[in-house]
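Asks: Structure, please.
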Amino acid sequence: MTQRRRTGILKLAAVALLVGGSAWAQRATTSVGTIPSGYVFNIVDWDGGQLPPLYERSQQLPMSLDDIIELTEAGFADSMVAKMVQERQCACDASVSSLVALKDAGVPQQVLQAISLHALPPNRHVNLHIQFDFEGLGGQQQISTQARQGYLYLILPDGDRDRVFFGNLRSLLGGRWARDTMTDNTDLLLPKKVRRLSFAARVPLKTHGPKRAMVFTSTRPDIYTISDIPQADRQGAMEFVFDYPASSLRQDCFLQVLHRQDAMLADKWHLERSHFECEWD
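Replies: Next up is the predicted model:
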């Protein structure tokens, strides 16, 4: 490996920091120049990260804009609808353009004022939980700490930038972590050892609406945007479509990834499957 190559990898690993429980990253400079766009987060920096406890459902969830329009069209008094918004809040987009659209839909000004005052704060981040499962060869053999396809990536588009989350599989397999467990899924015919690693952090995600998450592995440590993904890696990429609401009681997203050790090559791990989902309420 050349000195220039080593320098690029070291600087990439240093671009993400975790400050006060929040993931923060800035545009980084490598030996080949400045990253064109997108923020890069190193997952291993999240070791031991603590997130807020899960929200417990109340008997009455906040109202939505569709609920408010339905009540208005059903002839409920303006003061009654405004009172409901005050009591239950509104998990909705309370931006100026949204309020104008509601006014055009016939929602009275008293209700619009209640929405503006009692709407939940807009979502500006998500609590991202990532769980890695490494399934070994089984029996008494050790789970390899080497990986040819050395980097796992999760990319979330966020407006005009891509949020890039990466984990160096060699670092993950070779380290000891705050949430690091070994389970023995022993079967009489197929004994297996599974190592489970969990990481969590609060990360920025500011642009609302439909999104498409991409999960893939690569030999390259220098992927900063979706456009940087090599064609060979795109063929094995897994995509997950989800909707990011303007506001919600919860902002929790979960990525589960299963790697399986190759039966012939101990240092080769196959990305068998992944699952990505979010809970908003």
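Asks: pLDDT at L188, what is it?
Replies: The confidence metric pLDDT takes the value 56 at L188.
Asks: How about L197?
Replies: 92.
Asks: Over to A74?
Replies: Model confidence at A74 (pLDDT) stands at 89.
Asks: Tell me how far it lies from D67.
Replies: 11 Å (C-beta to C-beta, to the nearest Å). All C-beta spots, glycine's among them, are computed from the backbone N, C-alpha and C.
Asks: what touches both of these two?
Replies: Among the neighbours of A74, none is also in contact with D67 (C-beta atoms under 8 Å, 6 or more residues apart in numbering).
Asks: Those two: which has the busier surroundings?
Replies: Under the neighbour definition other C-beta atoms under 10 Å, A74 and D67 were set side by side, and D67 has more, 18 against 8.
Asks: how about the most centrally placed residue in the chain, what does it touch?
Replies: Of all residues in the chain, the one closest to the mean position by C-alpha atoms, centre = their mean is L128, 4.4 Å from it. Each residue near L128 by C-beta under 8 Å, 6+ apart is listed here: A23, F165, A200, A201, R202, V203, C253, L255.
Asks: which among the residues you listed gets closest to A246?
Replies: Taking C-beta to C-beta as the measure, A246 lies nearest C253 of the contacts of L128, at 16.1 Å.
Asks: show me the contacts for the closest one.
Replies: Each residue near C253 by C-beta under 8 Å, 6+ apart is listed here: V126, N127, L128, H129, F242, F276, E277, C278, E279.
Asks: Mark which of those are buried, thanks.
Replies: Of all those considered here, the ones buried according to neighbour count by 16 or more other C-beta atoms under 10 Å are V126, N127, L128, H129, F276, C278.
Asks: Could you export these as JSON lines, including secondary structure?
Replies: Formatted as JSON lines, the buried ones among the contacts of C253 follow (DSSP: H, G, I helix; E, B strand; the rest coil):
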{"residue": "V126", "secondary structure": "strand"}
{"residue": "N127", "secondary structure": "strand"}
{"residue": "L128", "secondary structure": "strand"}
{"residue": "H129", "secondary structure": "strand"}
{"residue": "F276", "secondary structure": "strand"}
{"residue": "C278", "secondary structure": "strand"}
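Asks: Of the residues you listed, which pair is most distant in space?
Replies: Put simply, by C-beta to C-beta the two of the buried ones among the contacts of C253 set farthest apart are N127 and F276, 13.7 Å from each other.
Asks: quick one: the residue nearest to the centre of the chain from L156, how far?
Replies: Relative to L156, and taking C-beta to C-beta, L128 is found at 9 Å.
Asks: With D104 instead?
Replies: In this view, D104 and L156 are 32 Å apart by C-beta to C-beta.
Asks: A101 now?
Replies: In this structure, A101 and L156 are 27 Å apart, going by C-beta to C-beta.
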